[in-house]
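1. Sequence plus predicted model, see below.
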Amino acid sequence: MHTPAVISFHGFEARPGTLTLVRDHIEKLDSRFTQITTIRVVVDAPPAHKRTGAPYDVRIEIGVPGTELVINRHPGSRDRKEEVQTAVHDAFDAAARRLERWQSRRRHRRPDQSA
C-alpha cells in the first residue's frame with residue numbers, strides 16, 4: 001500500500017482489540033492484493049434503540065489503479081444484536097471478493113481496452 005490506512009470509528013469508542021482486528025484485516029488484504037494504493041475503513045454505530053440495539057455499519061474504500069472500490073456493509077434487521085467483530089469480518093470478506101473480481105476483470109481485459 002502506498003499510503004497509510006485510515007481507520008475511523010463513529011458513535012462508539014472502539015476497544016483496542018477491535019482496532020487490532022481492523023489492522024489485521026487490512027494487512028491481509030494488502031499482502032494478498034499488491035495493487036492496493038489506499039484504504040479507508042469507517043465503522044459506524046448508529047444510535048441504539050433502547051431494547052433492540054443497533055447494527056454496526058462498515059464502509060471500506062479501497063484505491064486501486066484506475067478506480068476506487070467501495071464496500072458498504074449495512075446489516076439487515078436480523079443482525080440487530082450483531083457484534084462489531086462480526087460486522088468487520090463480513091465487510092472484509094466482501095472486500096476480498098470485490099478485489100478478486102476487480103483483479104480477474106483486469107487480468108482478462110484485452111490489451112487494447114483502457115482501464
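-> Received the coordinates, thanks.

2. Not counting its own residues, what contacts the longest helix seen in the chain?
-> Under DSSP state H, the helix in the chain containing the largest number of residues is helix 84-108. Applying Cβ atoms under 8 Å, 6 or more residues apart in numbering, the contact partners of helix 84-108 are 12, 14, 18, 21-22, 25, 28-29, 32-33, 35-36, 43, 45, 55-60, 62, 64, 67, 69, 71, 73, 75, 79, 115. All C-beta spots, glycine's among them, are computed from the backbone N, C-alpha and C.

3. Can you get me a residue count around Asp57?
-> A count of nearby residues for Asp57, using other Cβ atoms under 10 Å, gives 18.

4. Distance of it relative to Pro47?
-> From Asp57 across to Pro47, the span is 12 Å (Cβ to Cβ, to the nearest Å).

5. Likewise for Pro55?
-> 12 Å.

6. Compare the two (neighbour count), which wins?
-> Pro55 (23 against 6).

7. Check for me that that one belongs to a helix.
-> No: checked against DSSP: H, G, I helix; E, B strand; the rest coil, Pro55 lies outside a helix; its state is coil.

8. Just the CA trace of stretch 21-37, in CSV.
-> The C-alpha coordinates for stretch 21-37 follow below in CSV (Å, rounded to 0.1, in the frame of the first residue of the first chain):
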residue,chain,number,x,y,z
LEU,A,21,-8.8,-6.7,14.2
VAL,A,22,-9.3,-4.0,11.5
ARG,A,23,-5.5,-3.6,11.1
ASP,A,24,-5.0,-7.3,10.8
HIS,A,25,-7.7,-7.5,8.0
ILE,A,26,-6.0,-4.6,6.2
GLU,A,27,-2.7,-6.3,6.4
LYS,A,28,-4.1,-9.5,5.0
LEU,A,29,-5.7,-7.6,2.1
ASP,A,30,-2.6,-5.6,1.4
SER,A,31,-0.4,-8.8,1.3
ARG,A,32,-2.8,-10.6,-1.0
PHE,A,33,-3.6,-7.7,-3.3
THR,A,34,-0.4,-5.8,-4.0
GLN,A,35,-2.2,-3.3,-6.3
ILE,A,36,-3.9,-1.5,-3.3
THR,A,37,-2.8,2.1,-3.1
